[in-house]
Each structure stands twice: as C-alpha cells, then as structure tokens.
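Enquirer: here is a sequence together with a model predicted from it:
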Amino acid sequence: MSSLSYCLLPPLERSHLSNSASSRFALTNSGRTAEQEQRVKFLLFVKILFRYLRATENVVLLARAELLVQIIVQEHRTGHAHFEPLFDNVETRLRLLIGENHWRRAHSLMMFYLRRKESGLKPGLSQQRTRRTPK
C-alpha cells in the first residue's frame, strides 16, 4: 500500500492496514476474515457515497466517480499492475476526485448507518415518527 493512500484514510479505517496474519485472517462474528469485513465495509461506503452524490444532484461528479470506478475495475481485471491492489486504488483515486468534504460527509453517513444497524433500528428511518395534529 502506498503511503499516500495510508495518509488519506480516515483515522477510524486505518486499523485494517496491519499486515500480521493474525489480524488479517482472524474470524469476526459473521464468519468473515477482518480483510473480508473491510472489503464489505468499503463497498457499503462506495454505495453510500454514490447515493449521497445523487442526493446532492451533482450529476457530473457522480458520473465521473462511477466512470472512474468502472475504469479501475476493468484495468484491474485485465491484470494491469498499476491497478493493484484494487481497493486501495479505488479509494485513493475516488477520494482525490470527489474531494475531502464529500468524502467525510459520506463517511459520516456510513457511520450513522452502521450505528443504526447495530442498535437494531432500521438504518434509514427514525425510531418512531409521530405526526402533530394542528390545533
């Protein structure tokens, strides 16, 4: 992993960068390795990021971000050495493209989503919605 992508990661996500075998292959509660969990979490983050960009109605930036991910994945599949490892490349280039403000906002939304999911509430809805009746 390049030092550039390491310094671009938010502090909460740096824990997965350890190269020790015990941390990379330790099973989590869901039966996945820590590395697999990080991949799942990153894919969730990209999905939330794209939804966030759609909500901001920044269609040009959204289109560029989607195209960038498609190009990186395609080059990775063809075996281009410059696009290894895949997730690090997507993360670094996507973060540079969309900018720090959008990146941090999407990260905050993902953390909110995960907290809601862990608490047993439906991630997108508030616990109870009540309507006020006009007086």
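Expert: Right, received. Where do you want to start?

Enquirer: would you mind confirming that residue 90 is in contact with residue 74?
Expert: No: the pair residue 90 / residue 74 is not scored as a contact, 11.9 Å apart, by Cβ atoms under 8 Å. All C-beta atoms are positioned from the backbone trio N, CA, C, and that covers glycine.

Enquirer: those two: which is more packed in?
Expert: residue 90 (20 against 11; other Cβ atoms under 10 Å).

Enquirer: report all helices and strands that the helix or strand that contains the more buried one contacts.
Expert: Assigned by DSSP states H and E, residue 90 belongs to helix 86-98. Contacts defined by 3 or more Cβ pairs under 8 Å, 6 or more residues apart in numbering; DSSP states H and E place helix 86-98 against helix 3-8, helix 34-55, helix 59-77.

Enquirer: will you turn the ones you listed into CSV that also has distance to residue 113?
Expert: Formatted as CSV, the helices and strands packed on helix 86-98 follow (distance: least, Cβ to Cβ, whole Å):
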stretch, distance to residue 113
helix 3-8, 21
helix 34-55, 7
helix 59-77, 19
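
Enquirer: for residue 97, find the nearest of these.
Expert: Ranking those by proximity to residue 97 (Cβ to Cβ) places helix 59-77 first, at 5.8 Å.

Enquirer: sketch out the low-pLDDT regions of the protein for me.
Expert: The model of the chain has pLDDT under 70 over residues 1-31, 83, 122-135.

Enquirer: the helix holding residue 90 to helix 34-55, inter-axis angle?
Expert: Angle, helix 86-98 to helix 34-55, by axes from the mean of the first three to the mean of the last three Cα atoms, to 10 degrees: 30 degrees.
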